[in-house]
Structures are given as C-alpha cells and as structure tokens.
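Participant: how does the following fold in three dimensions:
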Amino acid sequence: MKLIILDRDGVLNEDSDDYVKSVDEWQPITGSAEAVGRLCEAGYTIAVATNQSGLARGYFSLGDLEAMHSKMINLAAEHNGRFAHIAFCPHGPDDHCDCRKPLPGLIHQIEKALGTSAEGCWMVGDSIRDLEAGIVAGCRPALVRTGKGEKSIAKLADAGLGQTQVFDNLAAFADFVLKNG
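Facilitator: Reported below is the predicted structural model:
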C-alpha cells in the first residue's frame with residue numbers, strides 16, 4: 001500500500017487561528033481536492049490525521065466536525081479522490097492523550113484501521129507538530145507553505161527537521177510525488 005497521511009487544517013482547507021468551527025467556515029485550499037484525486041488515481045491511499053481540540057473546547061460539536069468531513073470527502077470525490085481513513089484527536093492540550101500531535105497516536109490509529117504500517121510513507125503537514133508525529137511513526141515529513149506552513153519553515157532547523165522537503169501547497173506535493181514516486 002502506498003500510503004500518504006495528510007494533516008487537515010492548513011493542508012486540505014484554509015486554517016484559522018479562531019478554529020474552523022462549521023461546514024461554512026471549512027473552505028478548501030485551491031487545488032487540494034484535485035491533488036487528492038490525482039494521488040488516488042495513481043494508486044496512493046490517502047488518510048487524514050488531524051488535531052481537533054475545538055471539540056474539547058466546545059467551539060463545535062461532533063456533528064459539525066462530521067459535516068466538515070463530509071464536505072471534504074465530497075469535494076475530493078468530485079475529483080476521483082477518496083480518504084481511506086480520517087483519524088482525529090478530540091482532546092485539548094491538557095488532556096494527556098496519546099493521539100494529539102506531536103504524539104503519533106493518530107498515525108497508529110490509521111495503521112490499525114488500514115492494516116498497514118506507516119513506515120516510510122509521507123506525512124504532509126503545515127506545522128512542526130505534524131512532522132514530529134510523522135517522524136516518530138517512521139514517516140517521511142513534507143511541509144506545505146499553506147496554513148501555518150510559512151511560519152513553520154523558520155522553525156524547521158531548530159526542531160531538527162532541516163532536511164524536510166517544503167512545497168508551496170498540496171498540489172505541488174502531489175506533482176512531486178507523481179513525478180518521483
């Protein structure tokens with residue numbers, strides 16, 4: 001299985017410092033749904049690992065999150081894209097769970113759900129914690145400049161991630177993967 005794990009906010013959809021709280025606020029990043037479709041058509045399995053502490057903070061409900069994910073799924077499907085699994089952490093930063101990135105729990109959930117290892121797969125994110133979670137699970141990190149990505153670039157070296165490949169957006173990452181395998 002050729003697995004690629006994506007963060008959600010800032011990779012697939014526009015991010016917000018005030019949290020993405022509703023289906024109306026969930027806005028795709030230009031080219032992201034198409035990128036998922038192109039990767040799926042090329043035989044890649046796409047999964048999502050996303051921290052959603054807005055649930056624990058009471059900013060939105062599980063129903064709101066499901067509506068956002070339905071929108072994401074439907075937009076990808078319009079381009080022959082599919083998400084094999086969506087893993088989300090509903091906890092807040094002080095809940096001491098094992099699934100909140102930078103811990104690798106969400107990636108382990110994806111591995112279990114799909115019956116595969118994430119070792120060597122891509123972990124695409126816009127923050128250092130996305131990349132750290134991927135590295136702990138044996139993934140290759142890729143940073144996108146969208147979302148918090150531009151701010152994260154300056155922190156790569158300090159986090160020991162200086163060799164991370166950086167892409168303008170998910171579409172540029174897909175171009176690279178489809179060209180280079």
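
Participant: how about the strands of this protein, start to end?
Facilitator: Remark: strands assigned in the chain by DSSP state E are 2-6, 44-51, 83-89, 122-125, 140-144, 165-167.

Participant: to Lys151, which of those strands lies closest?
Facilitator: Nearest to Lys151 among those is strand 140-144 (10.7 Å), distances taken as CB to CB. (C-beta placed from N, C-alpha, C; glycine too.)

Participant: other SSEs contacting that closest one?
Facilitator: strand 122-125, helix 128-136, helix 149-153, strand 165-167, helix 170-180 (3 or more CB pairs under 8 Å, 6 or more residues apart in numbering; DSSP states H and E).

Participant: right, and the ones you listed - which one's nearest Arg100?
Facilitator: For Arg100, the closest of these is helix 128-136, at 8.5 Å, according to CB to CB.

Participant: tell me the angle the closest one makes with strand 140-144.
Facilitator: 160 degrees (axes from the mean of the first three to the mean of the last three CA atoms, to 10 degrees).

Participant: so where's the longest helix in this protein?
Facilitator: Looking across the chain with DSSP state H, the single longest helix is helix 62-77.

Participant: for it, C-alpha coordinates in PDB please.
Facilitator: The C-alpha trace of helix 62-77 is given here as PDB (Å, rounded to 0.1, in the frame of the first residue of the first chain):
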ATOM      1  CA  LEU A  62     -19.100  16.200  16.700                       C
ATOM      2  CA  GLY A  63     -22.000  16.800  14.200                       C
ATOM      3  CA  ASP A  64     -20.200  19.900  13.000                       C
ATOM      4  CA  LEU A  65     -17.000  18.000  12.600                       C
ATOM      5  CA  GLU A  66     -18.800  15.200  10.700                       C
ATOM      6  CA  ALA A  67     -20.400  17.900   8.400                       C
ATOM      7  CA  MET A  68     -16.900  19.400   7.700                       C
ATOM      8  CA  HIS A  69     -15.500  15.900   6.900                       C
ATOM      9  CA  SER A  70     -18.500  15.100   4.600                       C
ATOM     10  CA  LYS A  71     -17.800  18.300   2.700                       C
ATOM     11  CA  MET A  72     -14.100  17.400   2.400                       C
ATOM     12  CA  ILE A  73     -15.000  13.800   1.300                       C
ATOM     13  CA  ASN A  74     -17.500  15.000  -1.300                       C
ATOM     14  CA  LEU A  75     -15.100  17.600  -2.800                       C
ATOM     15  CA  ALA A  76     -12.300  15.000  -3.100                       C
ATOM     16  CA  ALA A  77     -14.800  12.500  -4.700                       C
END
